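S.K.: Here is a sequence together with a model predicted from it:
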Amino acid sequence: MTRKPRIAVVGSANIDLTTFTSEFPKPGETIFGQKFDLGFGGKGANQAVAARLCGADVFMVARVGSDLFGPATIENFRQQGIDATHVKQVKGLSSGVAPIFVEPNGQNRILVVKGANDSLSPADVDEAAEVLRAADCIVLQFEIPLETVYYTVAFARKHGIRCILNPAPAQPVNLAALEGLDYFVPNEHEAEAITGVSVEALEEAKQCAQTLLTSGIRRVIITLGANGSVLASREQTIHVPPFRVNTIDSTGAGDAFIGSFAVFLAEGLSEDEAVGRANLYAALSTTGVGTQKSFYTRDRFDRECAARS
């Protein structure tokens, strides 16, 4: 590809409030945490930043609140080099926030308050239609109204634009509305919640992916954290192995995978190679604290990739 990939993200923008703790308080109890970090987040914003750091031209379609966090979020997009023309403040609503609690082993628990994210509508997608039609790929998540997700998937299908949907956080899904979707990318917990099929072992993940394919989705990728990923189509299902790293904080690893995968695919890599590289990009993101702040630049990633090959 002679030009930069053009990635459009229709999705969420939050402020992450990350607390590191060795234990969780009992009801009515107050305890001391070990460390606190405030940063820009939201699945959509994280995926946009990952795609931008991987070298793409990125366009964000989102809504933020009429609070202190709103203008700061828009300015962060601009500083990251992301087109924020279609990121707008909504009067009377708070910005989305995500209190995150991280255990010593790097495992996290997240509570999302959607705020202005929940006001992103199909009309807002129509307003951004010119930008979306020019994209090589449209990326979506579940931190905005499902009505808007379904509408955008249909928009992408109508205009022949590759579309990647990350169904997170997991919630009941009308899979019929996703017929023709190019890539459905849940993690193991989301895949199990959506299908009811257990995903505790690799073979179960493969079976779950096949179950999702029966709805008319073209490709399913189930990310398995430290166990890599499963890539499934009607023709084959393969396991793409993981990369070993010293994990400090796994927050945002799934978003790192989605954003980087969109870029690698748009650059013309084969699906399994794009998934493999996205596995590494996601793994490397867990070696730092936070979400966007832990994502690698393309030069740094390419050096790491070359060293591991």
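M.R.: Here it is on my side, so go on.
S.K.: Straight-line length of stretch 223-235, end to end?
M.R.: For stretch 223-235, the first-to-last residue distance is 19 Å (Cα to Cα, to the nearest Å).
S.K.: If you rank every helix and strand of the protein by mean pLDDT, what lands last?
M.R.: Least confident helix or strand, the chain: strand 108-110 with a mean of 84, by mean pLDDT, DSSP states H and E.
S.K.: so which helix or strand takes in the closest residue to Phe257 other than its chain neighbours?
M.R.: Computed as Cβ to Cβ, 6 or more residues apart in numbering, the closest residue to Phe257 that is not its neighbour in sequence is Ala282, at 3.9 Å. Heads up, the C-betas are built off the backbone N, CA and C, glycines and all. Using DSSP states H and E, Ala282 falls within helix 271-285.
S.K.: Can you name the next helix or strand after that helix?
M.R.: That would be, after helix 271-285 and using DSSP H and E, helix 298-308.
S.K.: ok, Lys135 to Gly160 distance?
M.R.: You called it Lys, but residue 135 is Ala. Ala135 is 11 Å from Gly160, where distance means Cβ to Cβ, to the nearest Å.
S.K.: same thing with Pro241?
M.R.: The gap separating Pro241 from Gly160 is 33 Å, by Cβ to Cβ.
S.K.: What's the local residue count around Leu120?
M.R.: A total of 28 residues lie near Leu120 under the criterion other Cβ atoms under 10 Å.
S.K.: I'd like the numbering to begin with 44 instead of 1 from here.
M.R.: Yes, from this point I'll number from 44; that puts the last item at Leu163.
S.K.: and it, what is it in contact with?
M.R.: Contact analysis of Leu163 by Cβ atoms under 8 Å, 6 or more residues apart in numbering lists Val53, Gly54, Val104, Ala105, Arg106, Ile187, Pro188, Thr191.
S.K.: surely the first one meets Leu183?
M.R.: Yes: contact between Val53 and Leu183 holds when scored by Cβ atoms under 8 Å: they sit 5.5 Å apart.
S.K.: Each with direction, which strands does the least confident helix or strand of the chain pair with?
M.R.: strand 139-145 (antiparallel) (DSSP bridges).
S.K.: related to what we said a few turns ago, when Pro284 and Gly203 are compared, which one has more neighbours?
M.R.: Under the neighbour definition other Cβ under 10 Å, Pro284 and Gly203 were set side by side, and Pro284 has more, 10 against 7.
S.K.: Excluding chain neighbours, what is closest to the more buried one?
M.R.: Gly271 is the one closest to Pro284 (Cβ to Cβ, 6+ apart), at 4.7 Å.
S.K.: Quick one: low-confidence residue ranges for the stretch 244-352 of the chain.
M.R.: For the stretch 244-352 of the chain, applying pLDDT under 70 flags no range at all.
S.K.: With the stretch 44-193 of the chain instead?
M.R.: For the stretch 44-193 of the chain (pLDDT under 70), the answer is 44-45.
S.K.: Helices of that one, start to end?
M.R.: 86-96, 112-122, 165-170, 172-176, 189-202 (DSSP state H, counting those that start in this stretch).
S.K.: Go through these and name the closest to Arg262.
M.R.: Distance to Arg262, taken as Cβ to Cβ, is lowest for helix 189-202 among those, at 13.6 Å.
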